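**Student:** sharing a model that was predicted from the sequence below.
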Amino acid sequence: MISQDIALRRLFSQQITGSRSAEPAELVKWMGCVRAEDPAGARWSIGARISGSTDDSIGTAFKEGLILRTHVLQPVWHFIARDDIHWMLALTAPRLKAFNKSLYRCLGLDDIFLKKGKQIIIRALRQGQLTRRELLASMKGIKFPADDLRLRLLLMDAELDGLICSGSKDGRQFAYALLEQRMPAAPRFDRHEAIAELTKRYFRSRGPATAYDFTIWSGLRPAEVHTGMEMNRQWLASEVVNGQEYWFDPAGKAPHHLHSLHLLPTFDELTTAYANNGIFKPAVVIDGLASGTWTQVLEKHTVAIEVSTPIKKSRALSAAIRRGAERYSAFLGRTLLLKNGKT
């Protein structure tokens, strides 16, 4: 296996090529979770992996609660399949709550404040789903001392406690709902089982990858990563490439998809799920490698796309860019305006 093989295998394991999932929740479950700081971009991350999907179909799965949005793994938003939320929160929330404690202290958020604030949030949400703005207004109405920043932290803490999660989208804002109403309590793994399951999800959906890649992505301690890999030893295979050991599912061998081009959003798992990537712009991915960036301007009925890549312009590259842009515009249901980028 060489570096190009790693890139092509990752395209396949992430289902960017060779899509095997038919439904959004099925794809998110395969991935374990999908980063969702940018909700529109995260919907395209899912859509780019499901043939024939649309922005509306991803949105419908979210509104129906088949996909939830919460803080998990890292102190950032993720989409997660609803039947995974309880065990994954149980595994990762304690570390995230410990990580947030120093910020709580700086802002004067003691245990009394957190407990009282979460009680207010729960009472309010028992009446129905509310946006953050509506929750803030409710708190101001009873003179609870929460500004926007403190409310954001309160909401994250309530998510990590498994009390609340995303509700249905309300216009351009997201509403919150009680988790017990979106996903009733489900059987949970014990900690070792949860570590094993998260390890399996990562290497099947993102391999080939290193143990360090998984450590950075998951936030688990190195000893826990070692435990998870040992518990999956029966199916994990590895190869050393350029002095690094890469782990993967040998049953998931990719077909050779050379000469593929994909327009992926900011925070896509292909560009953020590995330790040495961290590309935080919409990426032009050619044959599995980030090879440029792209921008979009959305109007009511159109999407204008401009691609910039250092690769020498050719008829084949121009055709591939157009195909990638057409797929994205079809996903949005908008007319494509493709601009001449720097190629």
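**Tutor:** Yep, that arrived.

**Student:** which stretches of the protein have low pLDDT?
**Tutor:** Scanning the chain with the threshold set as pLDDT under 70 gives 169-172, 253-258, 278, 341-343.

**Student:** in it, which spans are strands?
**Tutor:** Using DSSP state E, the strands of the chain run over 34-35, 67-71, 77-81, 130-131, 164-170, 173-178, 237-241, 244-248, 261-264, 283-286, 289-298, 302-308, 335-339.

**Student:** and residue 102, which of the ones you listed is closest to it?
**Tutor:** Between residue 102 and the strands of the chain, the shortest separation by Cβ to Cβ is 16.6 Å, and it involves strand 67-71. Glycine gets a C-beta too; all of them are placed from N, C-alpha and C.

**Student:** and the angle from that closest one to strand 77-81?
**Tutor:** Angle of strand 67-71 versus strand 77-81, following axes from the mean of the first three to the mean of the last three Cα atoms, to 10 degrees, is 140 degrees.

**Student:** rewinding a little: so which of the strands of the chain comes closest to residue 206?
**Tutor:** Taking the strands of the chain one by one with Cβ to Cβ, strand 244-248 is closest: 8.9 Å.

**Student:** dump that closest one to CSV, restricted to CA.
**Tutor:** Output of strand 244-248 as CSV, limited to C-alpha atoms (Å, rounded to 0.1, in the frame of the first residue of the first chain):
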residue,chain,number,x,y,z
GLN,A,244,3.5,5.0,10.0
GLU,A,245,1.3,2.1,10.9
TYR,A,246,-2.2,2.4,9.3
TRP,A,247,-5.2,0.3,10.4
PHE,A,248,-8.2,-0.6,8.3
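
**Student:** now tabulate the strands of the chain in TSV and tack on distance to residue 89 and mean neighbour count.
**Tutor:** As requested, the strands of the chain are arranged in TSV below (distance: least, Cβ to Cβ, whole Å; neighbours: other Cβ atoms under 10 Å):
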stretch	distance to residue 89	mean neighbour count
strand 34-35	16	24
strand 67-71	7	25
strand 77-81	9	25
strand 130-131	21	18
strand 164-170	9	21
strand 173-178	14	18
strand 237-241	30	14
strand 244-248	26	19
strand 261-264	27	23
strand 283-286	30	23
strand 289-298	31	16
strand 302-308	35	18
strand 335-339	40	14
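
**Student:** can I assume residue 202 is in contact with residue 219?
**Tutor:** No: look at residue 202 against residue 219 with Cβ atoms under 8 Å: they stay out of range, at 11.6 Å.

**Student:** please say which of those two ends up with more neighbours.
**Tutor:** residue 202 (25 against 17; other Cβ atoms under 10 Å).

**Student:** and the closest residue to the more buried one other than its chain neighbours, how many residues sit next to it?
**Tutor:** Closest residue to residue 202 apart from its sequence neighbours, by Cβ to Cβ, 6 or more residues apart in numbering: residue 214 at 5.2 Å. A total of 25 residues lie near residue 214 under the criterion other Cβ under 10 Å.

**Student:** roughly how far apart are residue 214 and residue 324?
**Tutor:** 29 Å (Cβ to Cβ, to the nearest Å).

**Student:** before we move on, what about residue 166?
**Tutor:** Taking Cβ to Cβ, one finds residue 166 at 29 Å from residue 324.

**Student:** same check on residue 248?
**Tutor:** Relative to residue 324, and taking Cβ to Cβ, residue 248 is found at 26 Å.

**Student:** same question, residue 294
**Tutor:** Per Cβ to Cβ, residue 294 is found 8 Å from residue 324.

**Student:** between these two, which contacts overlap?
**Tutor:** In terms of Cβ atoms under 8 Å, 6 or more residues apart in numbering, residue 294 and residue 324 are both contacted by the residues 263, 284.

**Student:** can you give me the helices in the protein?
**Tutor:** With DSSP state H as the criterion, the chain has helices at 3-13, 24-31, 39-47, 55-63, 85-106, 111-125, 132-141, 148-160, 179-182, 191-206, 211-218, 222-231, 269-272, 315-332.

**Student:** same list (the ones you listed) but as CSV, adding distance to residue 285.
**Tutor:** Output for the helices of the chain, formatted as CSV (distance: least, Cβ to Cβ, whole Å):
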stretch, distance to residue 285
helix 3-13, 8
helix 24-31, 16
helix 39-47, 12
helix 55-63, 20
helix 85-106, 27
helix 111-125, 40
helix 132-141, 34
helix 148-160, 31
helix 179-182, 33
helix 191-206, 14
helix 211-218, 17
helix 222-231, 27
helix 269-272, 7
helix 315-332, 9
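
**Student:** thought residue 7 was touching residue 241, still the case?
**Tutor:** No: at 11.1 Å, residue 241 does not count as touching residue 7 under the criterion of Cβ under 8 Å.

**Student:** what sits in contact with each of these two?
**Tutor:** By Cβ under 8 Å, 6+ apart, no residue touches both residue 241 and residue 7.

**Student:** not including adjacent chain positions, what is the nearest residue to residue 247?
**Tutor:** residue 238 (4.8 Å).

**Student:** tell me which residues in stretch 79-95 are buried?
**Tutor:** Going by neighbour count (16 or more other Cβ atoms under 10 Å), the buried part of stretch 79-95 is 79-82, 84-89, 91-93, 95.

**Student:** and what of stretch 115-125?
**Tutor:** Neighbour-count burial for stretch 115-125 flags 117, 118, 120, 121, 124, 125 (criterion: 16+ other Cβ under 10 Å).
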